[in-house]
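Peer 1: Just need the structure, nothing else, for what follows:
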Amino acid sequence: MSNNECNPNITLIYQYAEQALKDLDLSSNRLNTKLGVVLGFDAALIRFFSGLPDRSVEVTIDAFDISLECNLCLLLKSLSYLALIISLIYCFLGFKPQTGGQIILPEELLEKCLDISEEDYRLSIIENRNQSIKELAKNRDKTSDLFKGAIWTLIGAAILSAIDVILSSFLVK
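Peer 2: Numbers count the residues shown, from 1 in each chain. Prediction:
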């Protein structure tokens, strides 16, 4: 087989590996955008929660003013903050830099691949891309799990905060 001829299957696999890398990169970028949105919601909710007043009830018994604090409200507010902090941690861990495969420098290709056929050249690149695909997929899946954790803790914080507001509104006359 001459240098200009190549097994069509090798070419197909080469093109598939190239597209798979592009798809993984696009998927990772979308996931990072979603993580950024969750991070923004976390920051906004922390700011919003900090502006909520602490609820207490004023009760008058025989001319004595007694202030009853809602301990459950305080607990719910604290748990909301804790869930938001956990969600922030998930987001920051998701943005942590990760390796995504080995890069073959052009000079290395020149040294190794000048005297081999195009098919062998493509095979060596396919082997490298295969390893990169495995590493990128693993990193994307890990980031996806962190994103899911961030979402669930954000939802938990919102629910706890809503319960706090509802409970405190029953206490305020």
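Peer 1: Report the distance from the helix ranked longest in the chain to the chain centre.
Peer 2: Determined from DSSP state H, the single longest helix within the chain is helix 118-171. Centre-to-centre, helix 118-171 and its host chain are 4 Å apart (C-alpha atoms, centre = their mean, to the nearest Å).
Peer 1: and if you look at stretch 21-40?
Peer 2: 8 Å.
Peer 1: can you list contacts of that stretch?
Peer 2: 87-88, 91-92, 94-95, 129, 132-133, 136-137, 139-140, 143-144, 146-147, 150-151, 154 (C-beta atoms under 8 Å, 6 or more residues apart in numbering). In this view, the C-beta of every residue, glycine as well, is placed from N, C-alpha and C.
Peer 1: List buried members of the residues you listed by neighbour count.
Peer 2: 87-88, 91, 94, 129, 132-133, 136, 139-140, 143-144, 146-147, 150-151, 154 (16 or more other C-beta atoms under 10 Å).
Peer 1: coming back round to it: state the mean pLDDT of the longest helix of the chain.
Peer 2: The average pLDDT for helix 118-171 rounds to 87.
Peer 1: Run through the neighbouring helices and strands of that helix.
Peer 2: In terms of contacts (3 or more C-beta pairs under 8 Å, 6 or more residues apart in numbering; DSSP states H and E), helix 118-171 is packed against helix 8-51, helix 71-94, helix 106-113.
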